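> Pasting a predicted model and its sequence here:
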Amino acid sequence: MIAVGVSRLSKTFLPGKKALDGVSFDIEQGEMVALIGASGSGKSTLLRHIAGLIKSDADGGKVNVLGSTMQENGRIDRNARKSRSQIGVVFQQFNLVTRLSVLTNVLMGLLGSVPLWRGTIGYFTQDEKLKAMMALDRVGIADHASKRASNLSGGQQQRAAIARALTQGAKLILADEPIASLDPASSKKVMNTLERINKEDGITVVVSLHQVDYALKYCPRTIAMRDGEIVFDGASEKLTPAFLMELYGEESAELFADNNTQQATSTPVREEELALAAG
Amino acid sequence: MTMSVSKTTLPEVKIPPQDLKRSSVNILIWAIILGFLTYSWEGADMRPMELVNNSDNMVEFAKGFFPPDFLEWKLYLSEMWITIQIAIWGTALSIVCSVPLGILCSENIVPPWVYQPFRRLMDAARAINEIVFAMLFVVAVGLGPFAGVLALWIHTTGILAKLYSEAVEAIDPQPVEGIRATGANGLQEVIFGVIPQVLPLWISYSLYRFESNVRSATVLGIVGAGGIGMVLWEYIRGFYYAETAAVIIIIIASVSLLDILSQRLRKMVT
């Protein structure tokens, strides 16, 4: 089954400059896909379209998620709220309500599925609370459940956000630069958590990343974007340093300098293949 | 040796010349302000010499206030308490109304065709002084504290709804998006995404308005809307200055006490 189907998606924020330009791809259920590209290449915009948080242009194509339409030609589908409840979104800035407790934040994941009146007054059953606690336990921060979210470290907050997505029963997790504001140790924990729920629960994960080495390490498939277009879609191991250099521009070469040297020794440059994939 | 070295490496700097345009604008602004003050002198009937010429009368008048006469202190205290109770109910009712109205006035939550009419409505409630509302409600529901409660309710709702909506417009949109992404509906976004963020500010504003309402409620009695203002007005009209002084002291003491208390509370929540 196709978890995410995007066809000819276009979005114009400012006239004349397309943030997304005829983007098309399919992601199968259970895949873990990295989305890479320089700042402003359209990664976040793409993810937010898939989550139905912003609308495409009026003739801007279609997004299908888990078998139902999320949006088509600039109109968010009437059942988008239903579809959203199956998508867990993890944001760079965690997007927790920092004044509420971690447990309450995780319980928010149930808002789309509990009866409306219960969600509105914030009444959750013991079973639901237990489910939320189990999710917190899986991401390793059950001890912090009663703390205010603002008292957690960045990495812990991000894992709380993943627990919220787990509690939600999400079949698809969209992670928008989840590790961009974290230190390396926390980044690793967050990526390991994402990888585990992908492998153990078969949850499809689409994660946008700045750090290419993380994409190579955790995601079998990579989609690379530049100026709102897809310039590479294929196995992550086929990414070459030369291509990455071109993707990010010369001036940001230091961003993945470490990775470059590693790559250069482990995989020989395969520019022909790359040209095929990109072409 | 070192001197000469440092001298040669000194970068050449110049003090920028006076910006002629900016200083002439400054002079112009001051000229306009002075112009307005002079122009308004006559309209405001400014007669500062009166203060000097009639200083004997003023001293005589001021003497009438001393010593304050606290003989009827039980009446003053019970009327002051009624005044505070008017403020309590007026504020409570307006808080209840301002929560939904504040949300409906926020441009980041509702579309323009909703917030524009609600904002104009709140402008109207705010523009008319509570004394005017009190006079109208005295006619509608009769003399007494209830008219005062209604007057404070309407006027304070206008103010609090605006303050609440300004707090809502300054929120961080990301947590709200986080809630929306779970499949929550609009009301749930507001309850779990917006209100937790603004609650400390809302509480602080509400307490501040309660302070102000106690002050306002002391004068509502003058138009017959109950409380200590009624007593005050009777004494002033009857030239009972010693009693007037006592009532004023009671008002100052209670208002200061409440201000201090509510300030403490406000510090605790924010």
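Noted; the coordinates are in hand. What you see is a predicted model, and the numbers here were worked out from it, not measured in a lab. Numbers count the residues shown, from 1 in each chain, chains lettered A, B, ... in the order given.
> ok, the residue most central in space within chain B to chain A distance?
By C-alpha atoms, centre = their mean, chain B has its centre lying nearest to B:Ser212, at 5.8 Å. Distance of B:Ser212 to chain A, computed by C-beta to the nearest C-beta, to the nearest Å: 27 Å. No exception for glycine: its C-beta is placed from N, CA and C like everyone else's.
> tell me the contacts of that residue?
By C-beta atoms under 8 Å, 6 or more residues apart in numbering or on different chains, B:Ser212 lies in contact with nothing.
> where does it land on pLDDT?
B:Ser212 carries a pLDDT value of 90.
> where does it sit relative to B:Glu177, distance-wise?
Distance, B:Ser212 to B:Glu177, by C-beta to C-beta, to the nearest Å: 36 Å.
> and what of A:Arg99?
16 Å.
> same question, A:Ser44
12 Å.
> same check, this time on A:Ala163
Counting by C-beta to C-beta - A:Ala163 and B:Glu177 are separated by 18 Å.
> The two: which has the busier surroundings?
Using other C-beta atoms under 10 Å in any protein chain shown as the criterion, A:Ala163 and B:Glu177 rank with A:Ala163 on top: 30 against 18.
> check contacts around residue 71.
I'll assume chain A. Counting by C-beta under 8 Å, 6+ apart, A:Gln71 touches A:49, A:52, A:55-56, A:62-63, A:77, A:80.
> should've been chain B
B:Glu243.
> element containing it, please.
Counting by DSSP states H and E, there is no helix or strand that carries B:Leu71.
> Now do it, the pLDDT please.
Confidence score, pLDDT, at B:Leu71: 80.
> ditto for A:Phe256
So A:Phe256 comes in at 52 (pLDDT).
> Same check on the one 3 residues further on?
According to the prediction, A:Asn259 has pLDDT 47.
> And the lengthiest helix in chain B, what does it pack against?
Taking DSSP state H as the criterion, chain B has its longest helix at helix B:73-104. Other helices and strands packing on helix B:73-104, by 3 or more C-beta pairs under 8 Å, 6 or more residues apart in numbering or on different chains; DSSP states H and E, are helix B:112-127, helix B:145-169, helix B:195-220, helix B:228-237, helix B:241-269.
> count of neighbours near residue 67?
Using chain A here. 13.
> actually chain B
B:Pro67 has 8 neighbours, counted by other C-beta under 10 Å.
> wait, isn't it in contact with B:Tyr241?
No - B:Pro67 is not in contact with B:Tyr241 according to C-beta atoms under 8 Å; the separation is 10.8 Å.
> mind listing what's buried in the strand or helix carrying A:Asp233?
Assessed by DSSP H and E, A:Asp233 sits inside strand A:229-235. For strand A:229-235, burial by neighbour count (16 or more other C-beta atoms under 10 Å in any protein chain shown) applies to A:230-234.
> Just give the strands next to it in its sheet, each with its orientation.
strand A:221-226 (antiparallel) (DSSP bridges).
> residues in contact with residue 208?
No chain was given, so I picked chain A. When contacts are taken as C-beta under 8 Å, 6+ apart, A:Ser208 is in contact with A:34-37, A:43-44, A:46-47, A:175-177.
> Sorry, I should have been clearer: chain B.
B:Tyr208 is in contact with B:262, B:266, counting by C-beta under 8 Å, 6+ apart.
> how deep is A:Gln92 tucked in, by neighbour count?
Counted with other C-beta under 10 Å, the neighbours of A:Gln92 add up to 18.
> and residue 109, how many neighbours?
Using chain A here. With other C-beta under 10 Å as criterion, A:Gly109 counts 29.
> that answer is for a different chain, and I need it for chain B
Using other C-beta under 10 Å: B:Ile109 sits among 20 other residues.
> Check the one 5 residues further on too.
By the measure other C-beta under 10 Å, the count of residues near B:Val114 is 15.
> Quick check: the gap between the nearest residue to it once chain neighbours are set aside and chain A.
Nearest residue to B:Val114 in three dimensions, chain neighbours excluded: B:Leu104, at 5.9 Å (C-beta to C-beta, 6 or more residues apart in numbering or on different chains). Separation of B:Leu104 from chain A (C-beta to the nearest C-beta): 17 Å.
> which bits of the stretch 151-270 of chain B sit near chain A?
B:174-175, B:177-185, B:187-188, B:191-193, B:196-197, B:199 (C-beta under 8 Å from any C-beta of the partner chain).
> of these, buried ones?
Going by neighbour count (16+ other C-beta under 10 Å), those have B:174-175, B:177-185, B:188, B:191-193, B:196-197 buried.
> Quick one: neighbours of B:Leu258, just the number.
18.
> residues in contact with it?
B:84, B:210-211, B:214.
> How about the residue of chain B found nearest chain A: what's its closest non-neighbour residue?
Chain B approaches chain A most closely through B:Gly183 (2.3 Å), counting by C-beta to the nearest C-beta. Distances taken as C-beta to C-beta, 6+ apart place A:Gly112 nearest to B:Gly183, at 2.3 Å, with adjacent residues excluded.
> That neighbour reaches A:Ala170, doesn't it?
No - contact criterion C-beta under 8 Å: A:Gly112 and A:Ala170 do not qualify, at 9.9 Å.
> Good, we can wrap up now.
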